[in-house]
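> output the structure for:
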Amino acid sequence: MASTPAPQDSELRNDRRIVAYGLGMILLVGALLFIPNLVPSSTHEVVSDLVHARIVSRTPAQSGAQPSATVVILDGAQAGARVEAQLQGPSSQLQLPDYRPGDEVVVSIDHQPGAPIAYDVVDRWRLPLLGVLAAAFVVVAAAIAGWRGMRAVVSLILTVGFTLRLLIPLLLLGWNPVVLAVVFGIAVTALSFLLTQGPTRTTLAAIIGTSSGLLITGALAAIVTAAAQFTSAQGSEEIVTLGQLVGNRIDLSGLLLAAVIFGGLGVLNDVAMSQAATVEELAHVDPTLDARALYARAMNVGIAHLAATINTLVFAYLGTALPLLVILSIQVGSLGDAVNQEVIAVEVVRTLVGSLGILAAVPLTTAITAAWQVREARTAQPALPAAGESGG
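Numbers count the residues shown, from 1 in each chain. Model prediction:
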């Protein structure tokens, strides 16, 4: 009869695992901090400097003149300076916020050759509020999910950090957006799953399922986009603006394909890990199940999950495009004509292509995990005693 590990041994293994994870997370965060600034210096020539400032007083608005205010700059090279700044809405919106003396704001400093420096209040200063919200998220995650919740938070930080420090600079350097999206998505998925779930066969199966879904999504997005003959902007004002800023440095069509891939990545992670975990739990509950039965039962769960998951993806894109849909419903009489508009057709393609990637990932992840679980159970099964031997 196999001996049961002593509680002390189990606690020691857990302590070692925690130390190993802690050291690994420290090394990853350290690597993130030491990544050099890869953003091309030429990109900074097309943007204005943004600084933190406080409104001291509002200047009375004159007829036909843009409202302005006196602000004191709180950081940067001009910290402490008082300047006159024009008041604008976020992203140059026509609707002007109700700026008041004492409000902390963001000021844009525009340096144009041969012209005086222009100062514009472009938005409110929200970083303290966002910091409090982020801290609350960390506390709640730790309180509910414990050590695994903290690992998930670190994984999130690393994902955002590597996106800002590595992915975006490489895009600005002219790397292929679709290749970057697939490689980066697979790398981030592997890193996230290994940090939160540990190096197990279930984790590996979820990584393979997510990677397969990403590859399918990328291939379908490229094929369908080419067949639909979308323009390089694909109805996106942001892409038009980006094209004006960076010229031909970035493949704009490829960038939108990369956006399709990233749009489905979170949901792919969810369904792949859920299916892998479901198979593992079913195998533990009933070790007598063979791979076919294990696959069938897990797919029952996966199919129920898929309906809600695809709805999640649809509502995510719907939330982004809702104002546009309202505008089109006013301007275009026929539903078919509205859907045919490039800006709507692009969202339809994103939703359906992302959903197809998810649909493909579920059975693949389930099949891989079921096969591995059965093989592991057979390997761990003790040999039957020979005839005539006593089992006592």
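> and the lengthiest helix in the chain, what does it pack onto?
Secondary structure assigned by DSSP state H gives helix 291-331 as the longest helix of the chain. Using 3 or more C-beta pairs under 8 Å, 6 or more residues apart in numbering; DSSP states H and E, the elements in contact with helix 291-331 are helix 252-285, helix 335-340, helix 342-380. No exception for glycine: its C-beta is placed from N, CA and C like everyone else's.
> quick one: which of these is nearest E84?
helix 252-285 (37.6 Å; C-beta to C-beta).
> pull out the buried positions in that closest one.
The neighbour-count check on helix 252-285 (16 or more other C-beta atoms under 10 Å) flags 252-265, 267-280, 282-283 as buried.
> ok, Q86 touching I109?
No: applying C-beta atoms under 8 Å as the test, Q86 and I109 come out as separate, 11.9 Å apart.
> which residues are common contacts for those two?
Residues touching both Q86 and I109 (C-beta atoms under 8 Å, 6 or more residues apart in numbering): 118-119.
> which of the helices and strands packed on helix 291-331 comes out lowest on mean pLDDT?
Sorting the helices and strands packed on helix 291-331 by mean pLDDT places helix 335-340 lowest, at a mean of 68.
> now render the helices and strands packed on helix 291-331 as CSV, adding distance to F193.
CSV is the format used below for those (distance: least, C-beta to C-beta, whole Å):
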stretch, distance to F193
helix 252-285, 7
helix 335-340, 37
helix 342-380, 12
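> which one of those helices lies closest to A219?
If we rank those by C-beta to C-beta, the stretch that ends up nearest is helix 342-380, at 9.3 Å.
> tell me the mean pLDDT for the one helix or strand L204 maps to?
Here L204, judged by DSSP states H and E, is contained in helix 201-228. Across helix 201-228, the average pLDDT comes to 88.
> work out the gap between it and the centre of the chain.
Mean C-alpha position of helix 201-228 versus that of the full chain (C-alpha atoms, centre = their mean, to the nearest Å) differs by 16 Å.
> report the buried residues of the longest strand anywhere in the chain.
Under DSSP state E, the strand in the chain containing the largest number of residues is strand 49-59. When burial is assessed from 16+ other C-beta under 10 Å, strand 49-59 yields the following buried residues: 51, 53, 55.
> so which of those comes closest to A370?
For the buried residues of strand 49-59, the residue nearest A370 by C-beta to C-beta is V51; the value is 56.8 Å.
> how much space between the closest one and V314?
Relative to V314, V51 is positioned 40 Å away (C-beta to C-beta, to the nearest Å).
> so what touches the longest strand of the chain?
Residues outside strand 49-59 that contact it (C-beta under 8 Å, 6+ apart): 67-76, 78, 82, 84-85, 99-109, 111, 121-122, 125.
> can you tell me which of those are classed as buried?
Among these, those classed as buried by neighbour count (16+ other C-beta under 10 Å) are 68-69, 71, 73-74, 78, 85, 99, 103, 105-109, 121-122, 125.
> filter those residues down to just the ones in strands.
Using DSSP E, those in strands are 68-69, 71, 73, 85, 105-109, 121-122.
> among those residues, which one sits closest to V374?
V106 (57.9 Å).
> list the contacts of that closest one.
By C-beta under 8 Å, 6+ apart, V106 lies in contact with 50-53, 121-125.
> dump the residue contacts of the residue nearest to it when sequence neighbours are not counted.
In this structure, V106 finds its nearest non-sequential neighbour in D123, 4.5 Å apart by C-beta to C-beta, 6 or more residues apart in numbering. Residues counted as contacts of D123 (C-beta under 8 Å, 6+ apart) are 90, 105-106.
> now these as a markdown table including pLDDT and distance to L28?
What follows is the contacts of D123, written out as a markdown table (pLDDT from 0 to 100; distance: C-beta to C-beta, whole Å):
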| residue | pLDDT | distance to L28 |
| --- | --- | --- |
| P90 | 78 | 34 |
| V105 | 93 | 35 |
| V106 | 92 | 31 |
